[in-house]
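Q: turn this into a model:
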Amino acid sequence: MINTAELLSNFERDGYLVIENFFDDKLMVTLDRLILEHYGDEPEFLHNDEFLGKAQTDVIPWFPRNEGVAAFKTIEEDSRLDELTSAILGDGWASQYCMVMFSKRGTTGQAWHQDCSPDRPDVFNLNRLVYTRDITDEIGGQTVVVPGSYREGLLPTGEPLGKLGNQVVLRPKKGTLILLHGHTWHRVLPITGAHRFSINYRSAPSGTPHDVTDVCVYRNMRYRFSTSEVIEERII
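A: You can find the predicted model right below:
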């Protein structure tokens with residue numbers, strides 16, 4: 001049993017939730033194997049050099065549900081996840097897509113960003129992150145968040161990989177679920193050991209534009225993924 005009311009209160013306070021041992025080990029092993037089979041030993045980066053240089057975000061995406069990989073549907077059908085998502089987003093919320101985010105050894109991870117513009121506080125996405133293996137200090141790739149920052153508006157300009165006040169380092173384990181508001185300031189630390197990946201089942205409140213995450217806010221720019229372009233330089 002999960003205490004939905006308590007979890008909702010914590011999410012509204014912090015803009016994120018970490019729930020360990022949420023998913024079954026057997027399912028995590030299955031999804032982990034499918035991810036490694038898809039990427040192989042040396043997957044290629046998909047973004048252009050401008051994005052990789054400015055965003056300092058070394059992530060290779062994969063959308064397994066778009067390819068009909070049935071095993072990834074099991075997460076979406078979990079009644080507990082559905083209950084939590086409804087509590088946070090309200091009735092009529094919509095799933096957007098399932099995206100695996102893969103980072104190679106020796107890469108920078110992800111710079112500070114907001115997944116969607118905070119210009120309107122009521123227009124946002126919810127990241128529902130699933131981890132099929134432990135994220136340890138030896139591997140790197142820890143998720144860093146600033147609690148409550150989703151209420152603070154625009155991510156401040158500055159060094160894309162620099163520390164922010166009150167940041168908290170999260171070390172999710174195999175089977176962990178992290179729920180993260182799209183306006184929360186967050187990043188991923190460099191990957192120093194083996195590769196690192198997570199699965200993101202993005203969703204959004206009813207009426208939210210499907211392309212709400214098309215423009216991502218970084219400390220040094222706003223970037224539009226659909227056209228692969230910097231649409232705003234943010235002066236540091």
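Q: wait, is residue 9 part of a helix?
A: Yes - counting by DSSP: H, G, I helix; E, B strand; the rest coil, residue 9 falls inside a helix.
Q: any idea how far it is from residue 17?
A: Distance of residue 9 to residue 17, given as Cβ to Cβ, to the nearest Å: 10 Å. No exception for glycine: its C-beta is placed from N, CA and C like everyone else's.
Q: pick out whichever of the two has more residues nearby.
A: Neighbour count, other Cβ atoms under 10 Å: between residue 9 and residue 17, residue 17 has more, with 17 against 12.
Q: and residue 209, what are its phi and psi?
A: phi -60, psi 140 (degrees, to the nearest 10).
Q: for the chain, longest helix please?
A: Determined from DSSP state H, the single longest helix within the chain is helix 25-39.
Q: packing partners of that helix?
A: Applying 3 or more Cβ pairs under 8 Å, 6 or more residues apart in numbering; DSSP states H and E, we find helix 25-39 packed against strand 60-62, strand 94-103, strand 196-204.
Q: pick the most buried one from those strands.
A: The highest average neighbour count among those, using mean count of other Cβ atoms under 10 Å, belongs to strand 196-204 at a mean of 23.
Q: the helices in this protein, which residues?
A: Counting by DSSP H, residue ranges of the helices within the chain are 4-14, 25-39, 49-55, 73-76, 79-89.
Q: average pLDDT for the fourth one?
A: Read that as helix 73-76. For helix 73-76, the mean per-residue pLDDT is 95.
Q: for it, packing partners?
A: strand 94-103, strand 196-204.
Q: format the ones you listed as TSV; extra columns: distance to residue 186 and mean pLDDT.
A: TSV is the format used below for the helices and strands packed on helix 73-76 (distance: least, Cβ to Cβ, whole Å; pLDDT from 0 to 100):
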stretch	distance to residue 186	mean pLDDT
strand 94-103	12	93
strand 196-204	12	96
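Q: closest to residue 121 out of those?
A: strand 196-204 (13.6 Å; Cβ to Cβ).
Q: against which helices or strands is that closest one packed?
A: helix 25-39, helix 73-76, helix 79-89, strand 94-103, strand 126-130.
Q: now the angle between strand 94-103 and the longest helix of the chain, please.
A: 70 degrees (axes from the mean of the first three to the mean of the last three Cα atoms, to 10 degrees).
Q: rewinding a little: got TSV for the helices of the chain, with distance to residue 120 too?
A: Output for the helices of the chain, formatted as TSV (distance: least, Cβ to Cβ, whole Å):
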stretch	distance to residue 120
helix 4-14	18
helix 25-39	34
helix 49-55	23
helix 73-76	27
helix 79-89	15
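Q: so which of those helices is nearest residue 206?
A: For these, the distance to residue 206 is smallest for helix 79-89, at 7.7 Å, taking Cβ to Cβ.
Q: below-threshold pLDDT in the chain: ranges please.
A: Across the chain, residues meeting the criterion (pLDDT under 70) sit at 41-42, 44-57, 236.
Q: OK, contacts around residue 93?
A: Contact analysis of residue 93 by Cβ atoms under 8 Å, 6 or more residues apart in numbering lists 85-86, 126, 203-206.
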